[in-house]
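Asker: Need the 3D shape of this:
(chains A and B)
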Amino acid sequence: MNNENKKVKVPRVKMPEQPAGARIKNFKEVETGLSEQQAVEESSRCLQCKKPVCIDGCPVEIDIKSFIKLIGDKEYKKALDKIREKNALPAICGRVCPQEDQCEKKCVLGIKNDPVAIGKLERFVSDFGENEKIGESKISLQNNIRSEPGKNQHTSENITIKTAVIGSGPAGLTCAGELAKMGYKVTVFEALHKAGGVLIYGIPEFRLPKSVVEREIEYVKSMGVEIILDSVIGKTLTVDELMNKYEYKSVFVATGAGLPYFMDIPGENLNGVYSANEYLTRSNLMKAYIFPGWDTPIKKARKVAVIGGGNVALDSARTAKRLGAENVYLIYRRGEAEMPARIEEVHHAKAEGIEMIFLTNPVEIIGENGWVKKIRCIKMELGEIDSSGRRRPVPLKGSEHDIELEVIVMAIGQGPNPLLTSSIPGLKLNKYGNIEADEAGKTNKKGVFAGGDIVSGAATVILAMGAGKVAAHHMDEYIKTGSWL
Amino acid sequence: MARIIKKEQLTEDIVRFDMEAPIIAEKARAGQFVIIRTHEEGERIPLTIADSNPEKGIISIVVLRAGKTTCNLMSMAQGDSILDIVGPLGKETEIENFGKIVVIGGGVGIAPILPITKSMKRSGNYVVSIIGAKNSQSLILKEDIASFSDESYICTDDGSEGFHGFVSNFLSDYIIKSEKSKNPKNIERVIAIGPVLMMRAVSAATRKQRIKTVVSLNSIMVDGTGMCGACRVEVNKETRFACVDGPEFDGHEVNFELLISRHKMYLKEEKESMDQYLKDHECKLLKHSI
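Answerer: Reported below is the predicted structural model:
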């Protein structure tokens, strides 16, 4: 009892961060990470509950209680191994998971005090010590696919069973890792020239350094996962070919939320209007913030507006600030309380000078000579509760007003890209184009599983990972038993 | 990665590369394109597939010097490898036995017109080909195009070869002449690939007679798989993505003004990039605007 009182008295650790004024001039990580001393001290706050309900809050059921104890014992490698039993991407989750809605929300200490900083501790463990970046090896699709059928001939007594994963984002990487652990030969097909999906193109460098992503991916590859880049399944090869011609016994579709949504308002195709996908892909994947050092350009405007209220909108706004914008407006049709973004990120954004304009919605983009000149908005008020469980925004007649701008980023959501789904004949989709899959990840096509944003719609990294894990185990069951229903 | 097997200088500003890409070669159909990245810091750019040989596992691309990326690409040698190549992307050309068709290639657009001409001829069409360029030295693939055509014509802006004038003017004359002929065979379809102004002019020339006209739009692209929207075009007053809904569209429905305007989005940055490149590299200066 005495010990517990002691723990309660220690305040939750404060994550060191770059001061706002300095960090808006660079793309380096905002949160710089706990020191060893801070981590050990924070771990001592954990009550080591008999019933660790924090684990119930984790979509991949990390043994949180144990890894925190290991930090207290200064056994950081063992702590990392403990996390990796359940989570293949701890350096990423430690940075981007909404712990405040998951494990930390359930933390018993959090009932009367601030919860244990579980996420910050996960990050500490995965960053600590030698995490050598093994040189990125590029496997050529052209040569590899050719040689695939031949390779199987010279294995030992065990026949190597081939499984395929489409998409190298969080869902795909996790599924692939699980399948490799179970002894399958796994090939991940990635459309872009770098692996990681949203981790590499969507989440900015200052929230998730690409060197961290590459490091985590090398770990997944070290489990025996093969990643083939520049391969667009649905164009370069089809799922049908993978399963019949190339004998992959089962396929996991994890193509994510790769379709940008636009508002369909006048002026949306003027120069200076971007989808968040394009804006972030240019900045994050193509490193346009280094232009002209890197060749891909991005418009560096003085006045930018980002439309939306989620993490993608905030990422876009904070990117615009770092690209040199004097004024960055976040225009959101609901109120601050309704924003789906992580509170932590909203707080960082405000400190960086992002101006939040709530209860406002664009109605038209007005241009001059083909370029954005201003955006016409209307004020909103919250009405009845809608299907999302939130109060529906309703326009206030006569409240139109203009804001002068140069760049507008539409961050109102991302949907399922139909390129792959339309190439699988008879695949059942819902009305939004998402793949219909059951809790096991099974689609209506034999041997084809799906998970992550392509099934759920745009969600989180950790939920996608959970889906990847579940599917891997059901794929194993299907391959072993041959039973589909 | 794709190794360059052969490099051929077609004109002062145009180079043809044959590259090792067996799976793309097997899958590629007329009208489709690839996206390439020459080096780690490089951009992703689309290039139409000019030819594909599935037996040898080779595809061909034809490149016009237009800015830093194309200059860089053109400086690569036989044996070098392009860092990334992905494809085949885009919807393939509608190939059918339509009857009498006209294929039109302008400048470097003659290269993607070649596989279309080939496929159309092999499908039983009566093929009339019109190719045009600034001058005689800038014409490419003359014999190749002619070998798959029933009638073939050449136009040059300066009159140094063939008809003196634009392909669109030649087409207008041709349409009038064929209407007046003893046994007029209807032109069922026109396919035009080349500079935007050329495709716009060809579409205008066929509008009155309502001859179905297909153009291939060369929008700025990043991913090429419908994920970013950089390639947005307006067709029949609706927004379309050139990379997945196109690149071919009905020329009478395309908003060419918007396409021309959107091409200008990075003029400033393109110049900055090129100026920087020219400081360290020798590259023939741009003679025409992008």
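
Asker: what about residue 65, neighbour count?
Answerer: I'll assume chain A. Using other CB atoms under 10 Å in any protein chain shown, residue A:65 is surrounded by 19 other residues. (Glycine included, C-beta is placed from N, CA and C.)

Asker: Can you look at chain B instead?
Answerer: 20.

Asker: Excluding chain neighbours, what is closest to it?
Answerer: Nearest non-adjacent residue to residue B:65, counting by CB to CB, 6 or more residues apart in numbering or on different chains: residue B:13, 4.5 Å away.

Asker: Now do the phi/psi pair for the one you found.
Answerer: Backbone torsions for residue B:13, taken as degrees, to the nearest 10, come to phi -110, psi 0.

Asker: tally of neighbours for it?
Answerer: For residue B:13, using other CB under 10 Å, the count is 21.

Asker: Would you agree it is in contact with residue B:63?
Answerer: No. At 9.1 Å, residue B:13 and residue B:63 do not qualify as touching, with contact defined as CB atoms under 8 Å.

Asker: how far away is residue A:169 from residue A:193?
Answerer: As for residue A:169, its distance to residue A:193 is 15 Å (criterion: CB to CB, to the nearest Å).

Asker: Got phi/psi on the closest residue to chain B within the stretch 351-485 of chain A?
Answerer: Closest contact between the stretch 351-485 of chain A and chain B, by CB to the nearest CB, is at residue A:370 (3.5 Å). Main-chain torsions, residue A:370, degrees, to the nearest 10: phi 90, psi 0.

Asker: residues in contact with it?
Answerer: Neighbour list for residue A:370: A:270-271, B:258, B:261-262, B:264 [criterion: CB atoms under 8 Å, 6 or more residues apart in numbering or on different chains].

Asker: From those residues, which land in helices?
Answerer: B:258, B:261-262 (DSSP state H).

Asker: from those, which is closest to chain A?
Answerer: Of all the ones in helices among the contacts of residue A:370, chain A sits closest to residue B:261, with 3.5 Å by CB to the nearest CB.

Asker: Once you drop chain neighbours, what's closest to the closest one?
Answerer: If the residues on either side of it in the chain are set aside, residue B:261 comes closest to residue A:370, at 3.5 Å by CB to CB, 6+ apart.

Asker: who in the stretch 51-200 of chain B is up against chain A?
Answerer: Applying CB under 8 Å from any CB of the partner chain, we find that the stretch 51-200 of chain B lies next to chain A at B:57, B:68-69, B:83-89.

Asker: Helices of the stretch 51-200 of chain B, residue ranges please.
Answerer: For the stretch 51-200 of chain B, the helices defined by DSSP state H, counting those that start in this stretch occupy B:68-74, B:110-122, B:142-147, B:167-180, B:196-207.

Asker: circling back to that earlier point, could you measure the residue of the stretch 351-485 of chain A closest to chain B against residue A:77, distance?
Answerer: Per CB to CB, residue A:370 is found 57 Å from residue A:77.

Asker: now do residue A:244
Answerer: Distance from residue A:244 to residue A:77, counting by CB to CB: 44 Å.

Asker: ditto for residue B:195
Answerer: Here the distance between residue B:195 and residue A:77 works out to 61 Å (CB to CB).

Asker: what residues go with each domain of the chain?
Answerer: Going with chain A. A:2-127, A:141-258+A:416-481, A:260-414 (automatic domain parsing).

Asker: wait, chain B
Answerer: Following automatic domain parsing, chain B resolves into domains at B:2-89, B:100-216.

Asker: Same list, these, but as a markdown table with mean pLDDT please.
Answerer: Output for the domains of chain B, formatted as a markdown table (pLDDT from 0 to 100):
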| stretch | mean pLDDT |
| --- | --- |
| domain B:2-89 | 96 |
| domain B:100-216 | 95 |
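
Asker: who touches residue 10 in this structure?
Answerer: No chain in the question, so chain A it is. Neighbours of residue A:10 in contact, by CB under 8 Å, 6+ apart: A:41, A:44-45.

Asker: Please refer instead to chain B.
Answerer: Residue B:10 makes contacts with B:16, B:62, B:140-141, as judged by CB under 8 Å, 6+ apart.

Asker: and if you look at residue A:396?
Answerer: Residue A:396 touches A:378-381, counting by CB under 8 Å, 6+ apart.
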